[in-house]
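Enquirer: sharing a model that was predicted from the sequence below.
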Amino acid sequence: MLTENTDPRIIIALDFPDADSALSFVKPLDPALCRLKVGFELFVAAGPALVEALQARGFQVFLDLKFHDIPNTVASACRAAAALGVWMINVHAGGGQRMMEAAREALEGGVDRPLLIAVTVLTSMDDAELGACGIGRGVDAQARFLARLTQESGLDGVVCSAREAAALREDLGAAFLKVTPGIRPRGSEAGDQKRIVTPADALRDGATHLVIGRPITRAQDPATVLADIHGELAAVMEA
Ligand SMILES: O=C(O)c1cc(=O)[nH]c(=O)n1[C@@H]1O[C@H](COP(=O)(O)O)[C@@H](O)[C@H]1O
């Protein structure tokens with residue numbers, strides 16, 4: 001049997017409308033082979049009870065609520081998220097250094113505190129879209145800039161595209177987490193993602209965790225797609 005008991009680097013994005021569909025989806029999945037990401041849609045619909053139900057089934061949960069507000073509000077939200085016993089939480093790096101430091105300080109001293117990471121530039125954006133928001137330096141430079149700010153604020157890592165992972169490994173080291181959505185196995189549809197990368201290339205370029213949603217959640221046989229991706233990653237690690 002395929003196992004990766006220590007630190008499954010694949011995080012499945014559970015973008016489902018309600019608890020029942022999420023729980024029936026995870027039934028055939030092995031918690032040794034993946035973690036689960038609960039985002040806005042599912043958390044708004046199903047709340048902390050769903051997070052607890054997933055944890056009771058043995059899964060570690062990344063609560064992806066991308067907090068972005070004044071420092072005091074974000075710190076309180078992070079404290080509330082940590083109380084759920086989740087594995088990872090996130091904020092937007094664009095909230096600034098004081099906001100990120102407040103988030104980190106809110107988690108200090110907790111037993112088994114969640115990992116805290118910050119979103120740099122969304123993987124759905126390209127240079128043109130970023131430029132239209134008034135940021136003309138381009139996606140690569142902006143992601144590097146915000147990742148450095150995140151490290152200086154004392155966080156554990158960033159959410160970025162795997163396209164930026166190699167540069168961030170160079171800038172900030174291999175241990176700084178690079179959690180990469182926009183992963184697309186060869187032949188799967190990009191959807192709304194602009195900066196996509198295959199699982200093998202992401203790992204090769206220094207992604208520490210791969211967030212994968214629709215290519216697994218919309219597959220006919222999700223457990224087989226997950227096993228195939230593990231096979232692709234194992235080949236990179238053995239090479
Ligand atoms: O923070 C995230 O997880 C995130 C950041 C980002 O820049 N891009 C991004 O796609 N995500 C999330 O990653 C998941 C990607 O899902 P798929 O595009 O279906 O693989 C979604 O749940 C997004 O909310």
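Expert: All right, it came through fine. Remember, it's a predicted structure, so these values are computed and weren't measured experimentally.
Enquirer: ok, now which ones touch the residue in the chain that the ligand sits nearest to?
Expert: Residue nearest to the ligand within the chain (C-beta to the nearest ligand atom): Gly213, separated by 2.5 Å. Quick note: C-beta positions are derived from backbone N, CA and C, even for glycine. Residues near Gly213 by C-beta atoms under 8 Å, 6 or more residues apart in numbering: 12-13, 15, 37, 181.
Enquirer: show me where the protein has its helices.
Expert: 19-26, 40-56, 71-82, 97-107, 127-132, 139-152, 165-172, 199-204, 214-217, 222-238 (DSSP state H).
Enquirer: list the helices and strands the third one packs on?
Expert: Counting contacts by 3 or more C-beta pairs under 8 Å, 6 or more residues apart in numbering; DSSP states H and E, helix 71-82 is packed against strand 61-67, strand 88-92, helix 97-107.
Enquirer: tell me the most buried of those?
Expert: strand 88-92 (a mean of 25; mean count of other C-beta atoms under 10 Å).
Enquirer: in terms of secondary structure, what does it contact?
Expert: The elements that strand 88-92 packs onto, with contact taken as 3+ C-beta pairs under 8 Å, 6+ apart, are strand 61-67, helix 71-82, helix 97-107, strand 115-119.
Enquirer: recalculate using a threshold of 6 Å.
Expert: Counting contacts by 3 or more C-beta pairs under 6 Å, 6 or more residues apart in numbering; DSSP states H and E, strand 88-92 is packed against strand 61-67, strand 115-119.
Enquirer: residue numbers of this structure in contact with the ligand?
Expert: 13, 15, 39, 64, 66, 90, 119, 122-123, 159, 181-182, 191, 193, 211-214 (C-beta under 6 Å from any ligand atom).
Enquirer: of the helices and strands packed on strand 88-92, which is nearest Thr224?
Expert: strand 61-67 (23.0 Å; C-beta to C-beta).
Enquirer: neighbouring strands of the closest one in the sheet, and parallel or not?
Expert: Strand pairing for strand 61-67, using DSSP bridges, gives strand 35-38 (parallel), strand 88-92 (parallel).
Enquirer: before we move on, the earlier item: would you list the helices and strands packed on helix 71-82 in JSON lines and tack on mean pLDDT?
Expert: Listed next are these as JSON lines, based on pLDDT from 0 to 100:
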{"stretch": "strand 61-67", "mean pLDDT": "98"}
{"stretch": "strand 88-92", "mean pLDDT": "98"}
{"stretch": "helix 97-107", "mean pLDDT": "98"}
